[in-house]
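Chemist: based on what follows, work out the 3D shape:
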Amino acid sequence: MRVAVAGAGVGGLGLAQGLRRAGIKVRVFERSAGRPQGYRLHFDARAGQALEKCLPPALFELVLATAGQPGRAFSVLSRRLRPRHRVESDPAAFSTSVDRGILREILSRGLDGAISYDSEVTGFDADADGVTVRLAGGGRFRADVLVGADGVHSAVRRSLLPSAPVEDTGSRVIYGKTLLDDPVRAHLPPALRDGFVAIVGGHVGLATGLVEFRHPPAEFGLRPAADYLMWGLSARRDRFPPLDDLTPAGLHAVALRTIRFWHRDVRALLAAAAADETFLVRVRSSVRVPAWPPSRVTLLGDAIHAMSPAGGSGANIALMDAANLTAALAGAGSEVVTAIEAYERSMRDYGFAAVEASRRP
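Modeler: Numbering: from 1, shown residues only. From the prediction side, this is the model:
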């Protein structure tokens, strides 16, 4: 069996590692040139179990070694940093943070020659024996199975399920990254040191999460990375000025203006951010779709069940998809379509349940 994967995000790379481990040939096509995409990801037991199934033991241990220090609590504060709510973490539960760029670097290890960057999947032609993958620029690739792991704007989903709706929720998030040097640490409120924090300020919210590496990634030959605070300022789009055409520095300036009356320590943390790394996310969410006829083309992650980042489930569910699809294909034998049908039946249930949970206040 030979599997083509559209997209080298967390889910696509997790799948590629799982397939390689199962002895299945895989080729990953990624439209970007391998740039880091985003900052901090929250991992719970779903991601931990999926990665342990997909990765060689050495790579799984590397993920754990470069993960963030576990948080001790989840807190909700007012914009003046007055406590509103706090939930202590279960020390026995698997819960951590990872840096998305470092994780993708780890997930790419051992896939030499199997990842084609600057190669965008634009569509496919399927038949009873396999799939011809169409690439930007006119290239073609023949595979037994095509997996769309190409995100919320998935070209594979548009071809496979052209009527599958993805809604703009109307929410916008300005994301930023503040390195944890000594002056910044001096402005860290105690709650932010303890774990993930939501700061509520009227119609605007600020989510913050630390990434403090258990071991510096450079110790393992990965790119150097320093500890940092990830923050995301969110509101309905009509609560912000027009954002679509702003530069990173312009987005950073909007974030600072939005919180200009908040506690001085919060203002200091955002002011110290790397302005050129600020970016905008337009929050989109998939709508549950009824079962579709199974074929040699399938989907995982945001390509089929995109969800709000509010629940912290997106990466966890994408990795669950990767582990479950790996198991299905590894045991498929000659019944490839039957195996994909079983994977899709389960994935629709837990995937869209996570989407619906992410919409709840």
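Chemist: all helices for the stretch 101-250 of the chain, in order.
Modeler: 155-160, 182-186, 190-194, 248-258 (DSSP state H, counting those that start in this stretch).
Chemist: so which of those helices is nearest N324?
Modeler: Nearest to N324 among these is helix 155-160 (17.8 Å), distances taken as C-beta to C-beta. From N, CA and C alone the C-beta is placed, and that goes for glycine too.
Chemist: list of residues touching that closest one?
Modeler: Residues from elsewhere that reach helix 155-160 (C-beta atoms under 8 Å, 6 or more residues apart in numbering): 6, 120-124, 146-148, 150, 164, 292, 295, 297, 299, 303-304.
Chemist: and these, which are buried?
Modeler: For the contacts of helix 155-160, a burial check counting by 16 or more other C-beta atoms under 10 Å picks out 6, 120-124, 146-148, 150, 164, 295, 297, 299, 303-304.
Chemist: of the residues you listed, which pair is most distant in space?
Modeler: E120 and S295 (21.5 Å).
Chemist: who's in contact with A93?
Modeler: Applying C-beta under 8 Å, 6+ apart to A93 gives the contacts D44, A45.
Chemist: can you classify it as helix, strand or coil?
Modeler: coil (DSSP: H, G, I helix; E, B strand; the rest coil).
Chemist: quick check: it vs F60, distance?
Modeler: As judged by C-beta to C-beta, to the nearest Å, A93 and F60 stand 18 Å apart.
Chemist: what mean pLDDT does stretch 84-92 have?
Modeler: When pLDDT is averaged over stretch 84-92, the result is 91.
Chemist: now the end-to-end length of it.
Modeler: Stretch 84-92 stretches 25 Å from its first residue to its last (C-alpha to C-alpha, to the nearest Å).
Chemist: what does stretch 230-243 give?
Modeler: End-to-end distance for stretch 230-243, by C-alpha to C-alpha: 20 Å.
Chemist: which residues are in contact with that stretch?
Modeler: 39-40, 170-178, 203-211, 251, 254-255, 258-259, 269-270, 273, 280-281, 283, 309.
Chemist: show me those residues that map onto strands.
Modeler: 40, 170-178, 204-211, 280-281, 283 (DSSP state E).
Chemist: which ChimeraX command selects the buried ones in those residues?
Modeler: Of these, the buried ones can be selected in ChimeraX as follows, counting by 16+ other C-beta under 10 Å:
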select :40,171,172,173,174,175,176,177,178,204,205,206,207,208,209,210,211,280,283
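Chemist: where does the prediction get shaky in the stretch 101-250 of the chain?
Modeler: For the stretch 101-250 of the chain, no stretch has pLDDT under 70.
Chemist: swap the cut-off to 90 and go again
Modeler: For the stretch 101-250 of the chain, the stretches with pLDDT under 90 are 112, 128, 186-187, 202.
Chemist: quick one, strands of it?
Modeler: Secondary structure of the stretch 101-250 of the chain, counting by DSSP state E, counting those that start in this stretch: strands at 115-117, 121-127, 130-135, 140-143, 145-148, 166-179, 197-201, 204-211, 228-236.
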